[in-house]
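A.B. asks: A structural model of the following input is requested.
(one chain, ligands or ions: 1)
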Amino acid sequence: MKFNRSDFPDNFLFGTATSAYQIEGHAFGGAGQTHWDTFAATPGNVVRAETGAIACDHYHRWQADLDLIANAGFDAYRFSTSWARVMPDGVTPNPQGLDFYDRLTDGMLERGIKPCATLYHWELPSALADKGGWQNPDIAKWFGDFTHCIMNRIGDRMHSVAPINEPWCVGWLSHFEGAHAPGLRDIRATARAMHHIMVAHGTAIQTMRALGMTNLGGVFNLEWSEPATNSAADATANALSDSYYNRFFLGGVFKGAYPDNIMEGLGPHMPDHWQDDFATIQAPLDWCGINYYTRRIVRSNTAAWPSHDVVPNGPLPKTQMGWEIYPEGLYNFLMRTKQEYTGDLPLFITENGMANADVIENGSVDDPERIDFLNQHFDAVRRAVADGAPIEGFFVWSLLDNYEWALGYEKRFGLVHVDFETLQRTPKASYHALKSALER
Ligand code: FCB
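C.D. replies: Now for the predicted structure:
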């Protein structure tokens, strides 16, 4: 790598991230069915209809996986707690599930790894999906109860916690674009889900505060948005794209308001009395996490709200996902988030990384593309630190090749290669490069 620890502020946290459904193996340990299982079982939604039933079998191999994290020299591990494992029907605790996260937590501490939990990384129990899932206003209470159940058990040992990974994906991508479970394309469902996600987020924060917990934050995925041309129409389209993607959730949490241009479309579909919920939504946070991967280019298309198309195939080099590599967007977001939303609140990059068509040759995996990608993005962070952004850590997505949602097991994001037939782990060149960079 082109950096080492001394290029970053003292106590900067270097970590790696995963999520429960993507690695654990949901067939094990009494976990309940989730809306991802049924989404995947519906033809056309997921590549080869793959699910997280086995995934990386982390449920059984967690000790070796934690060893990989420790051996690389990472300070922290961002993992998630599956709602459907902790409460298979969404409301009734599963002792096996609680025991699993208890062991995992102690396993991190024994290895000197700081546990950074995300409560919800997308595996909604089917029993709650049957009741409308994120569209149902009761989900804030259900989520608060889940938060209490799991954090009452492991909260005393968490370094940090965030309630909901990527509200935009849970809300818009899943209810408006239909690309993730539950696969809806419905504006009313979208408006409700987006707002209820915010209320559930705030409820979880309040629940954890009541348990005496500290270092609580939010994790937002941001995609830098640029207009295709200088036309006024494209500028309007770009502003709308920026609003529903990047400003809705930050606005709710840090300003107590949603952007006006997005409410022109969502307003008529919002739940009753939504304006009264901001006291909960704005429950104070200790840090703000940004997940960043790419940019988008948008052009006006007034045929249908929200009046734009995302231009396919931008001109920049791309990852295996087809995502343009654009580290400048990360720099821009770090500066903009500080200036417009969070001020002096610590910022973290809670996800950044790339998918690459990695192959094992003679027992090793050479991934110079990922090393280059990470160098560019760490450099963007370093520039933002130099320009005054209070950034305190960076979590590489992901430790392992894993279940990449609708794209199944095809897209490899790991620092460690996983053979999905044998489940054998092979650290890639990028893993070894990071290990050298993190040496003390
Ligand atoms: C993010 C998700 C994560 C993974 C990466 C590639 O949106 O949080 O689970 O899928 O993208």
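A.B. asks: could you pull out the helices for the stretch 251-400 of the chain?
C.D. replies: Secondary structure of the stretch 251-400 of the chain (DSSP state H, counting those that start in this stretch): helices located at 260-266, 278-281, 327-337, 368-386.
A.B. asks: want to try JSON lines for those helices, with mean neighbour count and distance to the ligand as columns?
C.D. replies: Backbone N, C-alpha and C define where each C-beta goes, glycine included. What follows is the helices of the stretch 251-400 of the chain, written out as JSON lines (neighbours: other Cβ atoms under 10 Å; distance: least, Cβ to the nearest ligand atom, whole Å):
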{"stretch": "helix 260-266", "mean neighbour count": "17", "distance to the ligand": "20"}
{"stretch": "helix 278-281", "mean neighbour count": "18", "distance to the ligand": "21"}
{"stretch": "helix 327-337", "mean neighbour count": "20", "distance to the ligand": "14"}
{"stretch": "helix 368-386", "mean neighbour count": "19", "distance to the ligand": "13"}
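A.B. asks: would you turn the ones you listed into CSV with mean pLDDT?
C.D. replies: Shown next, in CSV, are these (pLDDT from 0 to 100):
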stretch, mean pLDDT
helix 260-266, 97
helix 278-281, 98
helix 327-337, 99
helix 368-386, 98
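A.B. asks: Which among the ones you listed is found nearest to Ser436?
C.D. replies: Nearest of these to Ser436, taken as Cβ to Cβ: helix 368-386 at 10.9 Å.
A.B. asks: hmm, who's touching that closest one?
C.D. replies: Residues outside helix 368-386 that contact it (Cβ atoms under 8 Å, 6 or more residues apart in numbering) are 1-3, 7-9, 292, 319, 325, 327-328, 330-331, 334-335, 349, 352-354, 356, 358, 391, 394, 396, 415, 428-430, 433-434.
A.B. asks: That helix relative to helix 327-337, how many degrees between them?
C.D. replies: Counting by axes from the mean of the first three to the mean of the last three Cα atoms, to 10 degrees, helix 368-386 lies at 30 degrees to helix 327-337.
A.B. asks: Can you give me the distance of Thr422 to Asp186?
C.D. replies: With distances defined as Cβ to Cβ, to the nearest Å, the gap from Thr422 to Asp186 amounts to 42 Å.
A.B. asks: The two: which has the busier surroundings?
C.D. replies: The residue with more neighbours, out of Thr422 and Asp186 and counting by other Cβ atoms under 10 Å, is Asp186; that gives 15 against 7.
A.B. asks: Give me the distance between the more buried one and Ser126.
C.D. replies: Taking Cβ to Cβ as the measure, Asp186 and Ser126 are separated by 19 Å.
A.B. asks: in the helix or strand bottoming out on mean pLDDT in the chain, what's buried?
C.D. replies: Across the helices and strands of the chain, mean confidence by mean pLDDT, DSSP states H and E is lowest for strand 308-310: a mean of 94. Within strand 308-310, the residues scored as buried using 16 or more other Cβ atoms under 10 Å are His308.
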